[in-house]
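**Q** For reference, the sequence and a predicted model appear below.
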Amino acid sequence: MTQQSATTPWNAHRGKVGRRISLLFISCALLPLAALAGFSVSTVYKQLHDQSRQQQQQATKSASMTLIEHLQLLDLDLSLTRQELRHATHDASITLLPALEKRLRGNFSGVACTDLQGAPQRVLTHGWTDTLELDDARLAHLKSGKSLLLTTSVAGPGRMRVALVQAIDPQRLEGGLLVGLVNPNELWDHVGVRPIDGTLMVVEGNGKRVFDSTEGAGPVHELRRSLGRGNESQGNLTWTLDDQEHVATYRRLFMKPTFMTDWIVLLSRPTEAYTGPLRSFERVFFLVTLLSFLTVAMLSLSQVRRMLTPISELHRATQRVSHGDFTDPVRISSRDEFEDLGNSFNQMTSELLRNIEQREETERQLVRARDAALAAAKTEAEFVTNVSHELRTPLTSIQSFAELLNDYEDEDLATRREFTHIIVKETGRLSQLIDEILQVSTMQTGALQLAEERVDVHAGLLAARDLLDQAQRKRIAVAVEPKGASTLVLGDPGLLQQVWFQLLENATNYSHADTPVTVLVTAEPEQLVVAVTDRGKGIPPELHERVFERFFQGSSDQLTAKNRGTGLGLALARDITVRHGGRIDLDSAPGRGSTFTVTLPALQPAVAAV
């Protein structure tokens, strides 16, 4: 069955009845199902969104508390070191307790005793190279015995150096300061601070970036806008990183009473991390819903198809017939009246197709007969025209010179003989033309009977050469390849010699008198090939077929180069060769001469020996 006539459950609703049933099915089943699916997805989406937001806020709170606890531990280590310094002498080579020194080296990149400008006076652990900028408020905070939490210099993209500063003797600040440069790995990479699948950014209360895991690409501006809207302690925001949307929550660390600065911790994760579970749920949910819909739809439409298939099939069949397609019969297997109707329709189309084919065949025969009659009439008209022209030329010459002889009886004997010779020559040309015309006519009608004799082609070529005048004979060389090979064919000796004579005469007439003409006879197992080659001016490719037309005579200059013959020689040569089961081919081009090749079936050895 063709694609056009194929019936599937998907096109069963195209009829009016099918559309009504499909609309009823959609109204009663699919619309409630779609509404339920939409409500379920909306509810689950809201729950997952709220749950993800709560988890994000909890993670931010946990990171904030962990960061505060770690800063307090670092401050405690620095306080213990300060106590050791206060009980020690002023010896620069003071030795700390081993456990305390180990903790300092692990938690701090460098610890030193400095003056109020940060210049080191006593280095406890190497690594402190920065300076301090302490205003009156910070000095007052140190004098109260509390610690300062400062950012000193840039440590890398998105990172600042963080230092804890305490006064060695709060009552006497000129006694020096204890400065500890916090190890960033211990601070930011501590378990519970930096999220695994998100980003971390810490800024001071004034918006100055302290740490940014995105190396400076964090949402500082978005955070400032959110803080400006009154959400100073905690809040949410969205921002974009590398064309990917992120959701962030932030929380302020109220450390100003202790460290004279507040930090704001901001954790963010890609939106995809929140919506990933929802998308998984949506895919599974919609897949199940779609499968349920398809199952119900297939079952319902299958029943509709069973009722509408015969009508649809007959409708498509009538459309095919209206477009002239009778090849695809109706196939209905409903075992009811529809099947009987389909069989009757097929019988009707078969009869119509048979009548149309008979009519078309009759029309084709009439067209062929008309074309054949027109071609025959055209050929006959051309033949009559050409024959009339060719006959008129010698008759005009005979009439002209005969009138001269009749009108001028006092001409001398030599002149009268010249005129008489021309009359005789033109009479012979007229006789030859008539003979060739009769021969062409018998060839075309098939009335000419060919003799079937063993003919030696080599001998026939030599005999045809002898019929030419002496000057022409001297220019022709005949050779056989391989030497001594048999050149026998089965055919009519006279007609074949006429072919050889025509080819040799044309080769000598249409080439220079001082150039040779080569004839090569090649004996092959199944055929005999005769190639006649001259060194004449050649024939253009567009005239290769025309030279075999009747009465065609080619010449480069019709005023000076007069064509010899009647123009029927090559036409007769080809007809004779074809009647002998062979062919004539021409290979020629201007300036390099011409080669006429005659191919004839070779006489088999068993026949040649008879």
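**A** Done, it's in.
**Q** what ranges do the strands span in the stretch 101-250 of the chain?
**A** Counting by DSSP state E, counting those that start in this stretch, the stretch 101-250 of the chain has strands at residues 108-114, 120-125, 148-156, 159-167, 177-182, 199-204, 209-212, 234-241, 244-253.
**Q** How about the contacts made by Leu586?
**A** By CB atoms under 8 Å, 6 or more residues apart in numbering, the contact set of Leu586 is Ile539, His544, Val547, Ser594, Thr595, Phe596, Thr597. Quick note: C-beta positions are derived from backbone N, CA and C, even for glycine.
**Q** Just say helix, strand or coil for it.
**A** strand (DSSP: H, G, I helix; E, B strand; the rest coil).
**Q** biggest helix in this structure, by residue count?
**A** Identified as the longest helix of the chain according to DSSP state H is helix 337-407.
**Q** other SSEs contacting that one?
**A** Secondary-structure packing of helix 337-407 (3 or more CB pairs under 8 Å, 6 or more residues apart in numbering; DSSP states H and E): helix 271-322, helix 413-445.
**Q** which intervals of the stretch 101-250 of the chain have sub-threshold pLDDT?
**A** For the stretch 101-250 of the chain, applying pLDDT under 70 flags the ranges 191, 231.
**Q** Now mean neighbour count and distance to Gly324 too, for the strands of the stretch 101-250 of the chain, in JSON lines please.
**A** Converted to JSON lines, those look like this (neighbours: other CB atoms under 10 Å; distance: least, CB to CB, whole Å):
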{"stretch": "strand 108-114", "mean neighbour count": "23", "distance to Gly324": "93"}
{"stretch": "strand 120-125", "mean neighbour count": "17", "distance to Gly324": "100"}
{"stretch": "strand 148-156", "mean neighbour count": "17", "distance to Gly324": "82"}
{"stretch": "strand 159-167", "mean neighbour count": "22", "distance to Gly324": "82"}
{"stretch": "strand 177-182", "mean neighbour count": "24", "distance to Gly324": "92"}
{"stretch": "strand 199-204", "mean neighbour count": "22", "distance to Gly324": "72"}
{"stretch": "strand 209-212", "mean neighbour count": "21", "distance to Gly324": "77"}
{"stretch": "strand 234-241", "mean neighbour count": "16", "distance to Gly324": "63"}
{"stretch": "strand 244-253", "mean neighbour count": "20", "distance to Gly324": "61"}
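**Q** Select, out of those strands, the one closest to Arg279.
**A** Proximity to Arg279, assessed across those by CB to CB, is greatest for strand 244-253 (14.1 Å).
**Q** Tell me, how many residues neighbour Ser397?
**A** Neighbour count of Ser397, defined by other CB atoms under 10 Å: 17.
**Q** likewise the one 5 residues further on?
**A** Burial of Ala402, expressed as a neighbour count using other CB under 10 Å, amounts to 14.
**Q** need the contact list for it.
**A** Ile423.
**Q** On the pLDDT front, check it for me.
**A** Predicted confidence (pLDDT) for Ala402: 78.
**Q** now do the one 5 residues further on
**A** Residue-level confidence at Asp407 comes out at 74, pLDDT.
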